[in-house]
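K.L.:
Based on what follows, work out the 3D shape:
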Amino acid sequence: MQELTSLQVAKPVARKRPLPKLLARYGKKIQTELLSLIPEGDSEIYRTFWYHLGWADEAGNTLESPQGLGKSLRPSLCLFACQALGGDWLQALPAATAIELIHNFSLIHDDIEDGDTERRHRPTMWSLWGLPKALVAGNTMHGLAYKTTLNLTEKGVTLQKALTCSLLLVESSLAMIKGQCLDLAYEEIHNTPIETYMEMIRLKTGALIACSVEIGA
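P.N.:
This next block holds a predicted model:
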């Protein structure tokens with residue numbers, strides 16, 4: 001076989017990028033479902049939710065054009081997996097929003113642990129309202145997520161399947177927290193083995209993404 005020179009190497013085939021379309025397909029429904037879970041102005045905790053999720057400004061005023069919204073990657077993967085396997089993705093909305101709540105809980109606590117003062121081009125929750133309120137808000141969001149998975153039964157999903165989804169979310173959340181603990185431990189270590197690093201990101205980032213697809217399926 002003739003060897004290829006650098007000039008003979010085949011050019012990469014241009015591929016479409018379906019991910020933005022995937023996110024746009026489900027994004028509005030995910031946001032609507034989240035809005036239904038978090039009462040506007042019901043309490044100070046929920047007002048911080050509205051701010052963190054991009055629906056309100058620092059004073060609690062509802063924004064006509066939401067700012068700093070996330071990509072909703074994880075809940076979109078959940079809904080896509082459900083639809084791809086022939087399911088009714090609208091039934092999976094409570095699970096998808098629960099996943100998004102877990103993700104945002106992790107962001108609130110991650111900002112605290114890293115001392116970050118900006119996320120999505122806006123001040124972070126803890127930098128505005130202090131550590132105690134941010135911790136309480138993150139913990140409340142964490143608890144609300146597990147309660148939300150049980151709303152699957154209102155969409156016609158069996159209780160057993162809803163409980164299984166809740167268990168999967170708990171397990172992935174614990175894995176994510178373990179990964180974050182490893183991340184903090186490795187901050188002062190400059191010769192972390194690649195295998196150790198890969199294990200950390202498998203837990204911290206990969207666990208919830210894998211859970212999103214499994215729950216959707």
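K.L.:
quick one: contacts for T196?
P.N.:
Taking Cβ atoms under 8 Å, 6 or more residues apart in numbering, we find T196 in contact with L182, Y186. The C-beta positions use only the backbone N, C-alpha and C, and glycine is treated the same way.
K.L.:
how about 10 Å then?
P.N.:
T196 sits next to L182, A185, Y186, I189 when contact means Cβ atoms under 10 Å, 6 or more residues apart in numbering.
K.L.:
that's a helix at the last one, yeah?
P.N.:
No. Counting by DSSP: H, G, I helix; E, B strand; the rest coil, I189 is not found in a helix; it is coil.
K.L.:
Look up how far A207 lies from it.
P.N.:
Distance of I189 to A207, computed by Cβ to Cβ, to the nearest Å: 22 Å.
K.L.:
ditto for the third one
P.N.:
Applying Cβ to Cβ, one obtains 17 Å for the distance of Y186 from A207.
K.L.:
Counting neighbours, go ahead and name the busier of those two.
P.N.:
Higher neighbour count among Y186 and A207: A207, with 20 against 13, using other Cβ atoms under 10 Å.
K.L.:
Pull the number of nearby residues for the closest residue to the more buried one other than its chain neighbours.
P.N.:
Excluding the flanking residues, the one nearest A207 by Cβ to Cβ, 6 or more residues apart in numbering is A175, at 3.8 Å. A175 sits with 18 neighbouring residues when counted by other Cβ under 10 Å.
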